[in-house]
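Colleague: need a structure here:
(2 chains)
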Amino acid sequence: MSSPGSQARSKRFRELFRALAYIAPAGTIIIVFRVLPIIAAFAVSFYYVMMGKIVGFSGLSQYWMLLSDSEFWNALVNTSYFVIGTVPVSLFLSLFIAVLLNQKIRALGAYRTVYFLPVVTSLVAVAIVWKWIYHPRLGLLNSFVGLIGLNPLMWLEEPEGIFSLLAGRVGLSLPRWMGGPSLALVALTITNLWRGIGYNIVIFLAGLQNIPNEYYEAAKIDGAGRTQTFWKITWPLISPTTFYVVIMTTIVSFQVFTLVYLMTGSPVGGPLGTTKVLVYYIFEKAFESGGDMGYASCVALVLFAIVLTLTLVQRKLIEKRVHYS
Amino acid sequence: MRILRKIPIHVILIVGALSMVMPFIWMVSTSLKSPQETFIPPDLTRLRPTWIPNQVILTNYIEAWHEVPFPRYFLNTIFIAISIVTGVIITSCLAAYAFAKFDFPGRETLFIFFLSMMIVPQAVYLVPSFIIMSKLGWVDTYMAMTVPWLAQIFSIFLLRQQFRTIPDDYYDAALIDGCGRMGFLWRVLVPLSKPTLITIGLFALLGSWNSFIWPLIMTNSDKLRPIQVGLSYFAQEQGTEYGLMMAAATFCVAPIVVIYFIAQKQVIESYAKSGIKG
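Modeller: Coordinates of the predicted model:
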């Protein structure tokens, strides 16, 4: 004789097994090809690896090595330049375009389609075409540079910092640490902006369309100008979307790899290593020089820590906003 | 008057739109030029590049198509894309159904656990994935190209949200009427969720067509190379043959661009919706 309690328990177990059977196809794949590799990445970061073979336990010492690894710091600085170059410009341009598109404009659909086109285009094609555009001698961009009366630039082959280049134009020379990102890295940033801006425009447009029209009508009746309307109504009401765009763009930019690999991959890491970014460094350590997968995992986990921190910050900020409203 | 006021807005938008399409036009324009013409440096006396080739030729396309086995790369990619789109839809429907409608212990915990895996950058699991693939003997096989991508966490998430909007009363009624759990999923939930399924299918299609890093690491023979890897090797080998490179880039992006123009509303809405996740 089974008691009602044990009957309920066995029913719950049946439910559990049934659910697990439905989840199993996706679940198995996620566990084997996502969860296990992530655990393995943590584990292997505590070991010395050479040519893909574990040769000894390192504990945390490889993490300490990072601190004095100038190549790692170079990669971190380059990645930061890339992120700092991408995020504010992308935010400004995409919000600006989205606001213009939100003015009950004719041909909205056509504009949106065109701005979004690069987002669905493969990064490989993007890289190949932009490399051709940046060609120092035959490139399209240098012919525009010539149009405004400047000397042709080396673009992807230019290791010199953008600030020292600018200072050079007016006859100044800057110390190396003030040089800024190389022109090559700036060129990569421009391509990345071009490719990603359509996504942010679409996200902003969706956010803008959620703002009730009554607010704008009220502002109009009160005689508010365009600028005032933007800062008093649009900007505060769009801020959850802005948080999302800023954090997502930052997270994605920190993981830049394909463009760098394809556009400045040879010689390795671009002119004088000035475009070597974090994921490139990971790739190089793990697959190109000596198969040092332990150290590569250390760098990858530092990247993870950065991304995780940003995600948590976003959560906190969004929670705060929810409390306000 | 209203129209006049909007002219400055249109001017800005058109300048922006031109800078978005210019690289595409330059790509196609170069692909139609003879090698001699691509080698004419931008004319500093005329100060403008030639957008329309002096002599339009199509030989770049024919040459690029045959120089490396692009037909093979296309077939590989089509096969991989079809497998992944089908697989993702099936596995997502099953898992999302369980997470949305079944009441079992640990449901939320397991779901949040899966979701949290999405934050981890690919760079973290790429290296160990390669080791796992070698251990399984899957490097340079279709298994490595497809199996790990047959389940996508974000698709499960999107579909679960959709399934939850369908009232539980339907579910209870269907079970009483003897429709069965599987029957309810395929005959009620799935037909009611077409837009979300299209979104998932589009993401899976775009993802597999454009994927590069994974197949770059997991393949080392021509036979298995999907299109993006093939294109990147082709471009590296060409050196200075820009006409050939641009022709290859053009036919590699063309299928997706065509699909995009046909389904642009669905594509853009899919991305817009995906952005509004908590």
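Colleague: Which strands and helices lie in contact with the helix or strand hosting B:I256?
Modeller: Per DSSP states H and E, B:I256 falls inside helix B:242-262. In terms of contacts (3 or more Cβ pairs under 8 Å, 6 or more residues apart in numbering or on different chains; DSSP states H and E), helix B:242-262 is packed against helix A:108-120, helix A:123-133, helix B:7-31, helix B:35-38, helix B:59-67, helix B:194-210, helix B:227-238. Glycine gets a C-beta too; all of them are placed from N, C-alpha and C.
Colleague: Tell me the buried residues in it?
Modeller: B:242-253, B:255-256, B:259-260 (16 or more other Cβ atoms under 10 Å in any protein chain shown).
Colleague: so who does A:G85 touch?
Modeller: Counting by Cβ atoms under 8 Å, 6 or more residues apart in numbering or on different chains, A:G85 makes contact with A:181, A:185-186, A:189.
Colleague: Now, the residues you listed that are in helices?
Modeller: If you go by DSSP state H, the contacts of A:G85 have A:185-186, A:189 in helices.
Colleague: Please report which of these has the highest neighbour count.
Modeller: A:L185 (28 neighbours; other Cβ atoms under 10 Å in any protein chain shown).
Colleague: Go ahead and confirm that residue touches A:T275.
Modeller: Yes. With contact defined as Cβ atoms under 8 Å, A:L185 reaches A:T275; the gap is 4.9 Å.
Colleague: what's the overlap in contacts for those two?
Modeller: Joint contacts of A:L185 and A:T275 (Cβ under 8 Å, 6+ apart) are A:N78.
Colleague: Could you say which helix or strand holds residue 87?
Modeller: Going with chain A. Using DSSP H and E, A:V87 falls in helix A:70-101.
Colleague: My question was about chain B, not that one.
Modeller: helix B:70-101.
Colleague: Check A:E214 and give its pLDDT.
Modeller: Note on A:E214: pLDDT of 90.
Colleague: how near is it to A:L101?
Modeller: Distance from A:E214 to A:L101, counting by Cβ to Cβ, to the nearest Å: 21 Å.
Colleague: For chain B, give me its nearest residue in the stretch 1-150 of chain A.
Modeller: A:S143 (3.1 Å; Cβ to the nearest Cβ).
Colleague: you'd agree that residue is in a helix?
Modeller: Yes. Secondary structure assignment places A:S143 in a helix (DSSP: H, G, I helix; E, B strand; the rest coil).
Colleague: tell me the angle of the helix holding B:I256 relative to helix B:59-67?
Modeller: 90 degrees (axes from the mean of the first three to the mean of the last three Cα atoms, to 10 degrees).
Colleague: following helix B:242-262, which helix or strand comes up?
Modeller: Counting by DSSP H and E, what follows helix B:242-262 is helix B:264-275.
Colleague: Tell me which of the helices and strands packed on helix B:242-262 is the most buried.
Modeller: Sort these by mean neighbour count, taking mean count of other Cβ atoms under 10 Å in any protein chain shown, and helix A:123-133 sits at the top with a mean of 25.
Colleague: That helix packs against which elements?
Modeller: Secondary-structure packing of helix A:123-133 (3+ Cβ pairs under 8 Å, 6+ apart): helix A:140-147, helix A:183-209, helix A:258-264, helix B:7-31, helix B:227-238, helix B:242-262.
Colleague: A:T191 and chain B: what is the separation?
Modeller: 9 Å (Cβ to the nearest Cβ, to the nearest Å).
Colleague: that's a helix at A:V55, yeah?
Modeller: No. Assignment of A:V55 by three-state DSSP gives strand, placing it outside any helix.
Colleague: all strands of the stretch 201-325 of chain A, in order?
Modeller: Remark: no strands are assigned in the stretch 201-325 of chain A by DSSP state E, counting those that start in this stretch.
Colleague: near chain A, which residues of the stretch 151-278 of chain B show up?
Modeller: Within the stretch 151-278 of chain B, the positions near chain A by Cβ under 8 Å from any Cβ of the partner chain are B:151, B:153, B:156, B:181, B:206, B:209-210, B:212-213, B:217, B:228, B:231-232, B:235-236, B:242, B:245-246, B:249, B:252-253, B:256-257, B:260-261, B:264-265, B:267-268, B:271-273, B:275-276, B:278.
Colleague: tell me the domain ranges of chain A?
Modeller: A:4-63, A:66-324 (automatic domain parsing).
Colleague: Which of those domains has the highest mean neighbour count?
Modeller: Among those, ranked by average contacts under mean count of other Cβ under 10 Å, first place goes to domain A:66-324 (a mean of 18).
Colleague: one step back: adding mean pLDDT and distance to A:P118, write the helices and strands packed on helix A:123-133 out as TSV.
Modeller: Shown next, in TSV, are the helices and strands packed on helix A:123-133 (pLDDT from 0 to 100; distance: least, Cβ to Cβ, whole Å):
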stretch	mean pLDDT	distance to A:P118
helix A:140-147	84	16
helix A:183-209	95	5
helix A:258-264	92	12
helix B:7-31	95	6
helix B:227-238	92	16
helix B:242-262	95	10
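Colleague: Minimum distance to A:A40: which of the ones you listed has it?
Modeller: A:A40 sits nearest to helix A:258-264 of all the helices and strands packed on helix A:123-133, at 23.5 Å, using Cβ to Cβ.
Colleague: other SSEs contacting that closest one?
Modeller: In terms of contacts (3+ Cβ pairs under 8 Å, 6+ apart), helix A:258-264 is packed against helix A:123-133, helix A:183-209, helix A:278-283.
Colleague: again, only using 6 Å
Modeller: helix A:123-133, helix A:183-209 (3 or more Cβ pairs under 6 Å, 6 or more residues apart in numbering or on different chains; DSSP states H and E).
Colleague: got a pLDDT number for A:R321?
Modeller: Residue-level pLDDT assigned to A:R321 equals 64.
Colleague: of the helices and strands packed on helix A:123-133, which approaches B:F113 most closely?
Modeller: helix A:183-209 (27.0 Å).
Colleague: now the closest one, how far from the chain's geometric center?
Modeller: Here helix A:183-209 shows a centroid-to-chain-centroid distance of 10 Å under the convention Cα atoms, centre = their mean, to the nearest Å.
Colleague: what do you get for stretch B:258-265?
Modeller: Remark: stretch B:258-265 is offset 13 Å from the chain centroid, using Cα atoms, centre = their mean.
Colleague: what are the ranges of the helices in the stretch 101-250 of chain B?
Modeller: For the stretch 101-250 of chain B, the helices defined by DSSP state H, counting those that start in this stretch occupy B:107-116, B:122-136, B:142-146, B:153-164, B:168-176, B:181-184, B:190-192, B:194-210, B:213-218, B:227-238, B:242-262.
Colleague: which residues are in contact with the third one?
Modeller: For helix B:142-146, the external contacting residues (Cβ atoms under 6 Å, 6 or more residues apart in numbering or on different chains) are B:80, B:83-84, B:133, B:138, B:218.
Colleague: do that again at 8 Å, thanks
Modeller: B:76, B:79-80, B:83-84, B:87, B:133, B:136, B:138, B:214-215, B:218-219, B:224, B:226.
Colleague: of those residues, buried ones?
Modeller: Buried by 16+ other Cβ under 10 Å: B:76, B:80, B:83-84, B:87, B:133, B:138, B:214-215, B:218-219, B:224, B:226, out of the contacts of helix B:142-146.
Colleague: Thanks again, I'm all set now.
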